[in-house]
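1. Starting from these lines, generate the structure:
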Amino acid sequence: MSDFVIAVASSTLALQLRFDGHITPEYAALSVAFPLLWVMTLWLAGAYDGRYIGIGSDEFRKVLNAGVSLTAGLAILSYAINTELSREYLMLAMPGVTVLDLMARIIMRKRLHRQRAQGRCMASVLAVGHESAVADLVTELRRDTYHGMSVTATCLTGKSESREVAGVPVFGGLPDVADAVRRCGADTVAVLSSSEIDGFTLRQLAWELEKTGTDLCVAPALLDVAGPRTTIRPTAGLTLLHVDHPQLSGPRLVIKEIFDRVVAGMALILLSPLFVSLALAIRLFDPGPAMFTQTRVGKDGRTFKIYKFRTMVVDAEQRLAELQTSNDVDGVLFKMRRDPRVTAIGAWLRKWSMDELPQLLNVFKGEMSLVGPRPALPDEAARYADHVRRRLVVKPGLTGMWQVNGRSDLSWDETVRLDLRYVENWSLALDLQILWKTFSVIFRGSGAY
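-> Predicted coordinates for the structure are as follows:
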């Protein structure tokens, strides 16, 4: 409905601005047809596919595709029937309806996410797989409710006598999936990687679910690899999933470097008055230097000096040993919700992440990136397991997936998982998405201490 109303408003505004009320019959007819054409184009572009609504950037990409397609279609139609279609009308109506539609969908997505956080508008999922894999899926979907999926039942493969997994009831094993769907009314069956499930078994399951109209999702064994890196290739009757290597060099990386340094340079100039004000405030409320430097580990294990506004007492490093037993985070990180070393103004700076702003200088120097894994301390990096060292193949970031998914509230394992996911799937589009989400997280002031 909102798409139709937006199209009516856009076409009406374009007519008013272009013709100033003197509307010809041809443009009156076009304005009447325009909302229907817009809605039909969105439908053909897949913008109403429930799989994309509320999740990821595909929904917005489809709206943009619809805008480009309808513009091209109107231009071709005008040429085919030898009718001069006003360029001014098109330049007003098409960008207007596209931008307004995108804004409306962003607002509705925020509303949908709030509803899902309250347990509404959720799809019921029956998970099929080993007990540990099912437990991981339940935990993931409970944490990230915006996906709109809730595991309400499970069928376990392998040997297990459990009656529930992470609070989710067990409805039997692999042969009981179809019956379990009918009993629990699941909307979707999520099949996790399992040695007991082969191609023949999965095909039979798909035939059974087809009768009830239940969606089927299959999780590959290779996790945390984004869609752009995967390609389906049918070969000799087999469906092969081809996985490209992550882009860790080449032209895309050069573009990222240029983007980082240009944005950091502009931000340093624009924020210089704020830097001076914060430095004076720190010196005024707590004697000592306003800036704090610390050795961190960057790309390929190279160390560099990170710049931050000082948020702790001057002798904070010397007092760290006596606080180790009060660590609120598992793993190699040290975090305290109420660290006695943090000054009053330091707590305020941390809440709004203003203490991190001087790292723009590290970005401008090429030691860091705007988006990347969390910059590690040398003693942390020395304790990294082999798979965790994968974080060091890219530059650390001023912000990252850890920043927009919980900040200091994350466990060590979650921080590593998010950082590795970024390394495997980074792109300039993902960087822009993370930067956009960072502002929202900072304004809420959550997860920072």
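2. what's the helix or strand for the closest residue in space to Val404 that isn't next to it in sequence?
-> Excluding the flanking residues, the one nearest Val404 by Cβ to Cβ, 6 or more residues apart in numbering is Lys437, at 4.1 Å. C-beta: built from backbone N, CA, C; applies to glycine. If you go by DSSP states H and E, Lys437 is part of helix 428-444.
3. What is the distance between that helix and the centre of its chain?
-> Taking the mean of its C-alpha atoms, helix 428-444 sits 9 Å from the chain's own mean (Cα atoms, centre = their mean, to the nearest Å).
4. so what does that helix touch, helix or strand wise?
-> Using 3 or more Cβ pairs under 8 Å, 6 or more residues apart in numbering; DSSP states H and E as the contact test, the elements touching helix 428-444 are helix 251-270, strand 369-371, strand 397-399.
5. out of those, nearest to Cys217?
-> Nearest of the helices and strands packed on helix 428-444 to Cys217, taken as Cβ to Cβ: strand 369-371 at 28.9 Å.
6. ok, residues contacting that closest one?
-> Outside of strand 369-371, the residues within contact range by Cβ atoms under 8 Å, 6 or more residues apart in numbering are 256, 259-260, 263-264, 363, 394-400, 422, 426, 430-431, 434-435.
7. can you rerun that using 7 Å?
-> For strand 369-371, contacts defined as Cβ atoms under 7 Å, 6 or more residues apart in numbering pick out 256, 260, 263-264, 363, 395, 397-400, 431, 434-435.
8. right, and the helix or strand after it?
-> Criterion used, DSSP H and E; the element after strand 369-371 is helix 378-382.
9. for Leu241, what are its contacts?
-> Neighbouring residues of Leu241 by Cβ under 7 Å, 6+ apart: 220, 230, 232.
10. Next, count neighbours for the second one.
-> Close neighbours of Thr230, defined as other Cβ atoms under 10 Å, add up to 14.
11. coming back round to it: any idea how far Asp355 is from the residue nearest to Val404?
-> Distance of Lys437 to Asp355, computed by Cβ to Cβ, to the nearest Å: 20 Å.
12. So between the two, which is more surrounded?
-> A count of neighbours by other Cβ under 10 Å puts Asp355 above the other of Lys437 and Asp355, at 22 against 15.
13. thinking again about what came up before, buried ones in the helix holding Lys437?
-> By neighbour count on 16 or more other Cβ atoms under 10 Å, the buried set for helix 428-444 is 430-431, 433-435, 438, 441-442.
14. Was I right to think Ile55 contacts His147?
-> Yes. The criterion here is Cβ atoms under 7 Å, and Ile55 meets it with His147 at 6.1 Å.
15. need the helices for this protein, in chain order.
-> Along the chain, the segments classed as helices by DSSP state H run 2-19, 25-45, 58-80, 87-117, 131-143, 177-184, 199-212, 251-270, 272-285, 344-351, 359-365, 378-382, 412-425, 428-444.
16. Distance to Gly167 added to these, as CSV?
-> Formatted as CSV, the helices of the chain follow (distance: least, Cβ to Cβ, whole Å):
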stretch, distance to Gly167
helix 2-19, 37
helix 25-45, 39
helix 58-80, 31
helix 87-117, 18
helix 131-143, 7
helix 177-184, 14
helix 199-212, 25
helix 251-270, 42
helix 272-285, 46
helix 344-351, 33
helix 359-365, 41
helix 378-382, 34
helix 412-425, 20
helix 428-444, 28
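17. Between those, which one is closest to Lys308.
-> Nearest to Lys308 among the helices of the chain is helix 359-365 (6.7 Å), distances taken as Cβ to Cβ.
18. mind listing what's buried in the closest one?
-> 359-364.
19. before we move on, what about stretch 188-207?
-> Buried residues in stretch 188-207, counting neighbours by 16+ other Cβ under 10 Å, are found at 188-192, 194, 197, 201, 205.
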